[in-house]
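Colleague: Starting from these lines, generate the structure:
(one chain, ligands or ions: 2)
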Amino acid sequence: MTNTIQSVSIVVPVYNEEDNLPRLFDEIAGAMRPLDREWEALFVDDGSTDGSLDVLKRLAAGNSEVRYVAFTRNRGQSAAFCAGFDQAAHPVVVTIDADLQNDPADIPALLALFDKGHDMAIGWRRKRQDTLSKRYASKIANAIRNRITRESVRDTGCSLKVMRRDMLLRIPRFKGMHRYLPTLMKLEGATVAEMPVNHRERHMGVSKYGNWERAIAGVRDLLGVRWLQDRHFGYEIREKNR
Ligand code: UDP
Ligand code: MG
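Modeller: Ligands and ions are numbered 1, 2, ... in the order given. Here you go, the predicted structure:
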């Protein structure tokens, strides 16, 4: 069964990315405008202390597809994603990082994969353009994550994903949950497809994560996700009167 062509909200978490935003929007627009579907770029400013919000206001003033939501203070990438899921105007949500490491040119192919009938289509970064230590940390983290959660997700840390918004609104929320989106969506019954995507170096701004803090938070979240899996229930209604 294929999905019908639906309108799309592109959700972008932003924390001190002022130098990346104009080019990011240009690239998103370049990828989306040729497609025959309605779309918006929804930027969530996660309490940036640089000029990111001013840049977003300028982009919004010049482009009708741009929307922004700004937090009062930094609440983390998961919170920024969730605010985007809440505020999105369209039934299909695409997530992408703001730092240009993900390539918006991959969005059309990922949408095409989603349209084949999946509830979720996710990218895995074919050639990681990160430091050696980050690449190793990510490899190990993915392996442990898959082991404990009995999954086989290649690269859950890749932000480039297409998902059904109605399902995103039903999954549990906690700090770090953005690294478990495939698993949390599967608990809701989602089918997940994967495809290789481009990955680029970060040229402007700095990474917001260190390997150690990510590893420590990771173990804690992992146990929580395993618990959620073990204690999860679904139900089917046989009949009801109204
Ligand atoms: N980000 C955010 N809030 C945070 C940390 C990061 O919104 O507290 C955003 C950040 O601006 C970027 C994305 O999340 O768009 C991924 O962050 P980053 O590129 O630093 O992660 P890395 O690629 O180093 O794993
Ligand atoms: Mg990055």
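
Colleague: unless I'm mixing things up, V192 is touching L113, no?
Modeller: No. The pair V192 / L113 is not scored as a contact, 10.4 Å apart, by Cβ atoms under 8 Å. Every residue, glycine included, has its C-beta placed from N, CA and C.

Colleague: Give me the common contacts of those two.
Modeller: A121 (Cβ atoms under 8 Å, 6 or more residues apart in numbering).

Colleague: Check this structure for its longest helix and report it.
Modeller: Ranked by residue count and defined by DSSP state H, the top helix of the chain is helix 211-231.

Colleague: Distance from that helix to the middle of the chain?
Modeller: Distance of helix 211-231 from the chain centroid (Cα atoms, centre = their mean, to the nearest Å) equals 18 Å.

Colleague: now what about it, what contacts it?
Modeller: For helix 211-231, contacts defined as Cβ under 8 Å, 6+ apart pick out 133-134, 137, 141, 144-145, 148-150, 172, 174-177, 179-180, 183-184, 187.

Colleague: Return a ChimeraX selection command for the buried portion of those residues.
Modeller: With 16 or more other Cβ atoms under 10 Å as the criterion, this ChimeraX line picks the buried residues out of the contacts of helix 211-231:
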select :134,137,141,145,149,174,176,177,179,180,183,184,187
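
Colleague: Out of the contacts of helix 211-231, name the ones that lie in helices.
Modeller: Of the contacts of helix 211-231, the ones assigned to helices by DSSP H are 133-134, 137, 141, 144-145, 148-149, 183-184, 187.

Colleague: so which of the residues you listed comes closest to ligand 1?
Modeller: Ligand 1 has its nearest neighbour among the ones in helices among the contacts of helix 211-231 in K134, at 6.9 Å by Cβ to the nearest ligand atom.

Colleague: In a helix, L53, correct?
Modeller: Yes. Counting by DSSP: H, G, I helix; E, B strand; the rest coil, L53 is found in a helix.

Colleague: Any residues of this structure in contact with ligand 1? List them.
Modeller: For the chain, the contact set with ligand 1 under Cβ under 6 Å from any ligand atom comprises 13-15, 17, 46, 74, 76-77, 80, 97-99, 101, 207-209.

Colleague: so which two of those are the farthest from each other?
Modeller: N74 and Q101 (19.7 Å; Cβ to Cβ).

Colleague: For those two, indicate the residue with more neighbours.
Modeller: Q101 (22 against 16; other Cβ atoms under 10 Å).

Colleague: Quick check: the gap between the more buried one and ligand 2.
Modeller: Distance of Q101 to ligand 2, computed by Cβ to the ion, to the nearest Å: 4 Å.

Colleague: Please look at that residue and R200 and confirm they touch.
Modeller: Yes. Using Cβ under 8 Å, Q101 makes contact with R200 at a distance of 5.4 Å.

Colleague: Give me the common contacts of the two.
Modeller: Q129.

Colleague: Any stretches of the chain with poor pLDDT?
Modeller: Where the chain drops to pLDDT under 70, the residues are 1.

Colleague: for the longest helix of the chain, which positions count as buried?
Modeller: Residues of helix 211-231 classed as buried: 211, 214, 218, 221-222, 225, 228-229 (neighbour count, 16+ other Cβ under 10 Å).

Colleague: hmm, back to that, among the residues of the chain next to ligand 1, which ones are in strands?
Modeller: In strands, defined here by DSSP state E, the members of the residues of the chain next to ligand 1 are 13-14.

Colleague: Drop anything exposed from the residues of the chain next to ligand 1.
Modeller: Buried members of the residues of the chain next to ligand 1, scored by 16+ other Cβ under 10 Å, are 13-15, 17, 46, 74, 76-77, 80, 97-99, 101.

Colleague: center of the chain - which residue?
Modeller: Nearest to the geometric centre of the chain sits T95, at 3.5 Å (Cα atoms, centre = their mean).
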